[in-house]
Every structure is written in C-alpha cells, then in structure tokens.
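Engineer: starting from these lines, generate the structure:
(one chain, ligands or ions: 1)
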Amino acid sequence: MDRSLSLITPTGHLTLGNLLGALRGMVAAQDAGDCFFGISDLHAMTTGHEPASLRAAVAEVSTLFLAAGLDPARATLFRQSQVPAHRELTYLLECTAYTGELNRMIQFKEKGRGVASTRASLYTYPVLMAADILLYRPSSVPVGDDQRQHVELTRDLAIRFNSTYGPVFTVPEVTLPRAGARVMDLQSPGSKMSKSAVADAGVIRLLDPPDVVRRKVARAVTDSDTGPDAVRAAGDKPGVTNLLDILTACGGSADGLTTYGALKSAVTEAVVAVLEPLQKAYTELAADPAYVASVFAAGSARCRDVTAPVLAAADAAVGL
Ligand code: AMP
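Structural biologist: Predicted coordinates:
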C-alpha cells in the first residue's frame, strides 16, 4: 500500500484554511493508503519560541487532529520530536547538502530578510524536511507551491546520496496536492489565511466561538458593487470570491443571494455548522489529555519502527 505523509507545524492556532486545505483531505485519505500524519514540532523552533507555548500548541493541534476526524485506527498519528530518526537523518543529509543549495531556498531568503539574528535552524530546516520525507519512502509528495522547492531539494539530496553511497532512499515524485479550498485572509484577500498572521481579524480559527466567527465574517472585505450581480465570483473581487469559496467548501449555497449582508450571514451559518461538531469533539477530547497523548505516543512508536531500518541503511551506507 502506498505511503502518504502530511505534517502540520504547531505555530499558532489552526485556521479554517488548515481545515479546508489540509485536515479535510487527510481525513479523506485515511482509507486510501498507509497514512502518516505528524505534528512537526521541531519545525516550530526555527524562529524565537517559548517552551510553554510550544507545549500548549502541540497539545492543541494533537487534540484538533482527533477532533477533525483523524482516526488512529486508520492512520498513524505522530509527533516528529518523538521519532529521533528525523533529527539523526538530518545530520547525514546536512553532510549531503551544499550551502549553495540552501542559500537558494526562497523561504529562507524571505523569512530571514531583515531579521537581525536568524536561527541556524531556519537555514537548515529544508534538510530536516527532506529527512521527514525520505524516512518514510513515499512514492510521491503532494505539496503546494510554497513547499515545492523544498521537495525538489529533497529529490536532489536523495539522488546524490544514492549515487554516492548506494541506493537507500526512494526518490519521491512531486505531485499537486489533493484539490482543497485555498482560503484567503478575510481582511486581505490577496494573501492566504495563515495561522501565523500578525493581524487576527481576517483569520477564522478552528476554536473561534460562533460570535467571533460572525464578527470576523461581518467585517470581511467585499466590494462596492451594489448591482444585481454583486454576489458573484470575479477576479477583481477577491474578497467576494473568497467568501463564496468558503461558503461552498462549507456545504452552503449562494443561490438567491443578492447582497453582501446576505452572503455574510450564509457564510457565518455554514462555517459555524462545520466548526460546531469539531469544537464539541475538541472539548470532550481536551478533557482527557492523557488519551490524546497516548494516541500520539503509540503512533510515534510505530514511526520509530518504520524509520529505524531506513536510518540504519543510511548510517551503514555512509560508513558509520
Ligand atoms: P501551514 O499552516 O502553512 O503550516 O500549513 C499547514 C497545511 O495547511 C498545509 O497543507 C497548507 O497547504 C494548509 N493550509 C494552510 N493555510 C491554508 C489556507 N489558507 N488555505 C488552504 N490551505 C491552507
């Protein structure tokens, strides 16, 4: 059975974008293959971080994985830091990568620009990401544009390692992600709704109560068009298009809507209907943190078993 792998980094509270663009697809994929779904807590440390906040974010994201419908009976749920092979293979791949390659990584250039003291891990994290992938030998990695360059690097490292030391890694194909909604920020619909956004007003969090969802949607940027066709997706109306996409992705319909007020009410209702059962499940699961932790401990133990032979083969190949 083909393996698939998705990781979510616990920086900030997860958003409607994470649900519609990632978690939903992960839930749907559970029966289609041998799925590994992880919380990439090591990736949450590439910029300044607080230990207590990281711990809280890991607990929240773990609980949200289960509340969103990821099922430990059908998928392996794990924490990256509990599978030491991720860190160990990273070093071998750092001995395979060239600084010239890492210098070309766009995300490093963007996130590191103008920052006085950038952590070395921000520079090397694409290598950790390559280790995350190569340890599981998936045949393909579905990624969006922002991560494409990192998966190309992963392929380059795998090919170079294999040709230098012998065939250890499967070279993964880069494929397009499962079609999932791309949710834009309600205040700046030109950018993706992001869990690490500085301004919260345009970001719907999965744990936002209904009145907060209502307020954020009510303030969403729309358009000045008041004509009969106002509620219609169009390239020059990114805010309206985004609300319509959210409405459809949440199971609502724009049929018969003629005003932005009506559109916003419909969006609020549809989003709240999607979030309510998830929040109810979250509250129940959050009351039993030991259960949630045990699910991830068991999944991480399986990952240690799965990754051990790959790391051992890589060690032996380089002469360790
Ligand atoms: P991130 O929150 O950027 O670490 O992304 C975690 C996962 O959620 C990735 O699969 C992203 O593609 C997905 N994701 C994040 N934000 C959005 C968004 N606004 N719309 C759709 N998918 C998203």
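Engineer: packing partners of the longest helix along the chain?
Structural biologist: Secondary structure of the chain per DSSP state H: the longest helix is helix 289-318. Secondary-structure packing of helix 289-318 (3 or more Cβ pairs under 8 Å, 6 or more residues apart in numbering; DSSP states H and E): strand 34-39, helix 51-67, strand 75-79, helix 85-94, helix 145-165, helix 260-286. (Glycine included, C-beta is placed from N, CA and C.)
Engineer: neighbours around Pro238, how many?
Structural biologist: Pro238 sits with 19 neighbouring residues when counted by other Cβ atoms under 10 Å.
Engineer: how far away is Arg74 from the ligand?
Structural biologist: Remark: distance between Arg74 and the ligand (Cβ to the nearest ligand atom, to the nearest Å) = 19 Å.
Engineer: per-residue pLDDT of that residue, please?
Structural biologist: Turning to Arg74, the model gives it a pLDDT of 96.
Engineer: measure the closest residue to it other than its chain neighbours to Phe37 for me?
Structural biologist: Spatial nearest neighbour of Arg74, chain neighbours left out: Gln30 (4.2 Å); criterion: Cβ to Cβ, 6 or more residues apart in numbering. Separation of Gln30 from Phe37 (Cβ to Cβ, to the nearest Å) stands at 9 Å.
Engineer: who has more neighbours, these two?
Structural biologist: Between Gln30 and Phe37, Phe37 has the larger neighbour count (other Cβ under 10 Å), namely 23 against 17.
Engineer: pretty sure that one is touching Ala75, no?
Structural biologist: Yes: counting by Cβ atoms under 8 Å, Phe37 sits close enough to Ala75 to count as a contact (5.4 Å).
Engineer: any common contacting residues for those two?
Structural biologist: Met26 (Cβ atoms under 8 Å, 6 or more residues apart in numbering).
Engineer: spell out which residues of the stretch 151-300 of the chain are next to the ligand.
Structural biologist: Within the stretch 151-300 of the chain, the positions near the ligand by Cβ under 6 Å from any ligand atom are 182-183, 192-195.
Engineer: of those - the most surrounded one?
Structural biologist: When neighbours are taken as other Cβ under 10 Å, the top entry among those is Met193 (25 neighbours).
Engineer: in this structure it contacts Gln187, no?
Structural biologist: No: assessed by Cβ under 8 Å, Met193 is found out of contact with Gln187, at 9.6 Å.
Engineer: re the thing from before, Throw the helices and strands packed on helix 289-318 into CSV and include distance to Ser6, thanks.
Structural biologist: Below are the helices and strands packed on helix 289-318 laid out as CSV (distance: least, Cβ to Cβ, whole Å):
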stretch, distance to Ser6
strand 34-39, 5
helix 51-67, 10
strand 75-79, 10
helix 85-94, 15
helix 145-165, 11
helix 260-286, 18
